[in-house]
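Colleague: need a structure here:
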Amino acid sequence: MRQRFKPNPTVKHFEGYNDFSGGWNTETSNERLLDSEFVMMDNVDLSWRGSIRRRTGRVEIPTGIPAGNAQGMWFYYREGQVAPDKIFAVSGKLYKMGPNDQVAVELPITNLASGFQTELPIEAVQYNQTMFFATGTKLVEYDGTTAKVVEPYKPTPQEAIFIGTNALADNPAAWIEDGVDTVLVATGMNPSKPTGVVNEELTFVGYIAKPDSITSVDYKWEWKLSKDENFTVGRDWTNGAAGKTWTFKPEKDEEYDFKLTVRDANDTTVTSSYTLSKYKVNKTEDKEKNVQYDVSGIHTCRRILLHWDRLIMSGDNKNPQLLYIGDLRNPRYFPTTNVLDFSSNKGEPITAQVRYKNMLVVFTRTTVQTMTGKSPDDYTRNLVHDGIGCIAERSAKVIGDIVVFLSNEGLKYLVHSVFTLETLNVKPIDTPIRSQVPRDANACAMVYDDQYWICFPDRNFILRYYYTGKVWTRDISSKLNIVQFAVEGSNVYNLTKDGKLYKHDNTVYNDVGEAYTMLVESKFYDLSMMFNRKKLRRFYVLAKHYSTHVNLKVKVFADGSVVLTPDVGEALVDENGNVFWIERTEPNLHFYSGTVVGTWVLGGSPLGDPDISVQRASISGKCRRVKVQFSHSENVPCEIFAYGFEFKESKI
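Modeller: Residues are numbered from 1 along each chain as shown. Next comes the predicted model:
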């Protein structure tokens with residue numbers, strides 16, 4: 001670095017700063033910070049032409065919902081209706097608010113009158129004209145009129161054997177039973193395994209429906225290879241319980257057909273048959289197909305999404321590492337064989353699941369895994385990382401070409417390899433502000449306006465990541481106890497912890513009446529002369545005028561001294577002679593509305609208002625480094641374009 005050894009102390013210098021693109025950085029030392037990076041950047045919007053602009057706020061939307069624990073909010077899109085209904089889950093109950101409704105009304109849930117669990121967040125997804133809620137108590141559906149517990153689909157015998165029984169049923173194993181009918185009917189058979197193994201016994205149980213008048217039934221079992229024409233008798237007519245069950249040992253790895261014929265033992269002319277076709281027998285056991293998972297906890301799932309026309313759920317309290325995959329285009333059918341186990345020998349539950357490109361990313365607290373494929377026949381489970389995972393279920397979001405999520409090590413992102421889409425890498429995204437990121441499982445996030453927002457409701461602040469510019473800012477106010485963001489078109493809604501609904505409003509500069517403080521603090525600048533002492537003269541600010549006055553509180557620090565301050569505290573003496581110091585601050589830079597002529601400030605004028613102007617303040621002091629702090633707390637817009645220092649240099 002070159003520097004003049006003999007400076008001219010009579011020459012005035014000016015150094016200005018108009019680049020704020022570096023955003024907030026709390027991790028880099030002052031000497032290594034870029035001039036465009038700031039050690040404090042609160043309640044600032046950096047998306048406006050690169051200037052420092054006061055962010056906009058939010059207003060409250062009255063819903064009439066009793067205060068309680070907010071568990072979720074979604075949009076229900078009705079056919080032929082331009083704007084969607086808003087659906088809320090608060091303290092174990094569902095509420096609906098139409099686009100023209102003034103208040104929300106409760107949606108009673110048929111067969112779940114007492115409501116669902118009240119403590120944990122839930123998820124919902126709309127499939128065609130039905131919305132499905134994974135409530136943590138029962139799977140609930142809403143068709144636009146009525147909410148009710150989902151009635152499990154009853155699979156046919158072929159579906160139950162080859163696809164799987166329905167995990168949503170109270171007793172999936174009892175998918176077929178003997179019944180009552182007006183005539184004798186063979187209703188099906190149940191093999192002991194979904195697929196057979198060569199030279200290993202299979203046990204078949206036959207089922208019938210009959211009138212009470214038939215008191216005794218004979219059973220006949222036959223088999224053949226599916227490619228053959230004629231059946232072979234496996235066991236001839238056998239009466240009662242002995243005939244109802246049959247054991248068969250296949251000798252070839254082929255597809256088999258099995259036929260059950262039944263007759264009235266007292267009238268052998270009354271018969272009925274049922275055939276199971278193309279039953280697969282393998283050389284070795286298909287462990288994936290024949291594995292039996294404990295699916296009894298499926299009703300306690302709280303997470304649900306739609307992936308390749310299949311509903312997918314997780315969050316089972318009993319087996320939280322299981323992922324339940326619904327049948328294709330049948331949202332009321334979750335085959336017991338369509339289950340993937342994402343355990344990692346750590347006993348960790350699934351914490352989040354996100355669709356990313358053509359795969360499903362599944363997180364636990366310390367792992368990242370993926371599920372690729374479009375059907376159970378070609379699903380593949382892959383491990384991406386065995387030490388980093390997602391701790392906040394509502395933090396994982398897709399941003400363009402990456403997935404961002406909150407881990408125990410901070411905010412991370414997944415990006416695919418340049419060589420193959422199925423290979424993902426985990427990288428940090430919060431490097432400039434890592435120490436400011438809480439490890440909070442209640443955090444929630446959204447993607448909107450080229451930004452990733454993550455809110456920490458227990459701490460009342462939001463971190464915003466401008467992913468096109470890769471910079472961070474922070475929003476702080478007491479109203480930011482947000483547990484879920486919901487975006488519908490250009491409308492952004494916030495559901496708070498206590499069930500209130502806020503909406504973003506670009507015309508207000510407060511959070512539901514609270515005028516937050518825009519606070520921007522720079523690093524210590526060397527003013528291009530690191531080793532010289534500087535004699536400060538003036539400080540300049542270039543900012544925008546509005547229809548209302550813009551009043552800034554500005555502090556300028558010269559090394560450890562304050563050379564410009566909004567503090568106007570004073571000492572007061574009470575009647576007893578006691579001295580008190582009253583702390584008070586007042587704006588010390590003003591950008592007035594109206595037309596400015598010289599030092600006169602006039603009202604509205606046909607001459608028009610100035611767009612921007614430069615305001616200055618005298619400062620004095622000798623220092624090596626200088627920094628500035630801007631504060632703006634009024635409920636009006638504010639935009640700063642640049643600032644600068646006038647100074648003289650002295651000897652080293």
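Colleague: for stretch 119-128, the averaged confidence score.
Modeller: Per-residue pLDDT over stretch 119-128 has a mean of 97.
Colleague: centre-most residue in this structure?
Modeller: Nearest residue to the geometric centre of the chain (C-alpha atoms, centre = their mean): Arg394, 3.4 Å.
Colleague: name the nearest residue to it, sequence neighbours excluded.
Modeller: Among residues not flanking Arg394 along the chain, Cys444 sits closest, at 3.9 Å (C-beta to C-beta, 6 or more residues apart in numbering). Heads up, the C-betas are built off the backbone N, CA and C, glycines and all.
Colleague: next, count neighbours for the one you found.
Modeller: 24 (other C-beta atoms under 10 Å).
Colleague: thought it was touching Leu480?
Modeller: No. Using C-beta atoms under 8 Å, Cys444 makes no contact with Leu480, being 10.9 Å away.
Colleague: touching both of the two, which residues are there?
Modeller: Applying C-beta atoms under 8 Å, 6 or more residues apart in numbering, one finds that Cys444 and Leu480 are jointly contacted by Cys455, Pro457.
Colleague: OK, contacts around Trp175?
Modeller: Lys154, Pro155, Ala160, Thr165, Asn166, Ala169, Asn190.
Colleague: beta partners for the closest residue to Arg474 other than its chain neighbours?
Modeller: With C-beta to C-beta, 6+ apart as the criterion, Arg474 has its nearest non-adjacent residue at 5.2 Å, and that residue is Asp42. With DSSP bridges as the criterion, Asp42 is bridged to Arg474, Leu519.
Colleague: now do the one 10 residues further on
Modeller: When assigned by DSSP bridges, Ile52 has beta-bridge partners Ile640.
Colleague: do the one 5 residues further on as well
Modeller: With DSSP bridges as the criterion, the beta-bridge partners of Gly57 are Asp505.
Colleague: wait, it sits on Asn506?
Modeller: No. Using C-beta under 8 Å, Gly57 is not in contact with Asn506; the gap is 9.0 Å.
Colleague: the two: which has the busier surroundings?
Modeller: Shown here are Gly57 and Asn506; by other C-beta under 10 Å, Gly57 has more neighbours (24 against 10).
Colleague: which residues touch the more buried one?
Modeller: Contacts of Gly57 (C-beta under 8 Å, 6+ apart): His504, Asp505, Val508, Tyr509, Asn510, Asp511, Val512, Tyr516.
Colleague: run the last query once more with 6 Å
Modeller: Applying C-beta atoms under 6 Å, 6 or more residues apart in numbering, we find Gly57 in contact with Val508, Tyr509, Asn510, Asp511.
Colleague: the contacts of Trp175 into CSV, with extra columns for distance to Tyr379?
Modeller: Below are these laid out as CSV (distance: C-beta to C-beta, whole Å):
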residue, distance to Tyr379
Lys154, 25
Pro155, 20
Ala160, 20
Thr165, 19
Asn166, 19
Ala169, 23
Asn190, 25
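Colleague: would you work out how far apart the start and end of stretch 338-357 are?
Modeller: End-to-end distance for stretch 338-357: 21 Å, by C-alpha to C-alpha, to the nearest Å.
Colleague: domain-wise, how is this protein divided?
Modeller: Split into domains by automatic domain parsing, the chain comes to 12-55+518-649, 168-288.
Colleague: rewinding a little: can you tell me which of the contacts of Trp175 end up in helices?
Modeller: Among the contacts of Trp175, DSSP state H puts Ala160 in helices.
Colleague: would TSV of the contacts of Trp175 with neighbour count, pLDDT and distance to Val562 be doable?
Modeller: Formatted as TSV, those follow (neighbours: other C-beta atoms under 10 Å; pLDDT from 0 to 100; distance: C-beta to C-beta, whole Å):
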residue	neighbour count	pLDDT	distance to Val562
Lys154	14	94	77
Pro155	22	94	76
Ala160	20	93	79
Thr165	26	94	75
Asn166	25	96	72
Ala169	20	96	73
Asn190	17	94	84
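Colleague: among the contacts of Trp175, name the ones in strands.
Modeller: Asn190 (DSSP state E).
Colleague: to Asn330, which of the domains of the chain lies closest?
Modeller: domain 168-288 (10.9 Å; C-beta to C-beta).
Colleague: rewinding a little: beta partners of the residue nearest to Arg394?
Modeller: Arg394, Cys455.
Colleague: all strands for the stretch 551-652 of the chain, in order.
Modeller: 561-564, 570-573, 579-582, 589-591, 596-597, 600-601, 612-623, 626-632, 639-649 (DSSP state E, counting those that start in this stretch).
Colleague: average pLDDT for the longest one, rounded please.
Modeller: Translated: strand 612-623. Computed over strand 612-623, the average pLDDT equals 92.
Colleague: over to the last one?
Modeller: Confidence over strand 639-649 (mean pLDDT, whole number) is 95.
Colleague: how distant is it from the center of its chain?
Modeller: 42 Å (C-alpha atoms, centre = their mean, to the nearest Å).
Colleague: hmm, who's touching that strand?
Modeller: Residues from elsewhere that reach strand 639-649 (C-beta under 6 Å, 6+ apart): 7, 9, 12-18, 51-53, 529, 532, 534-544.
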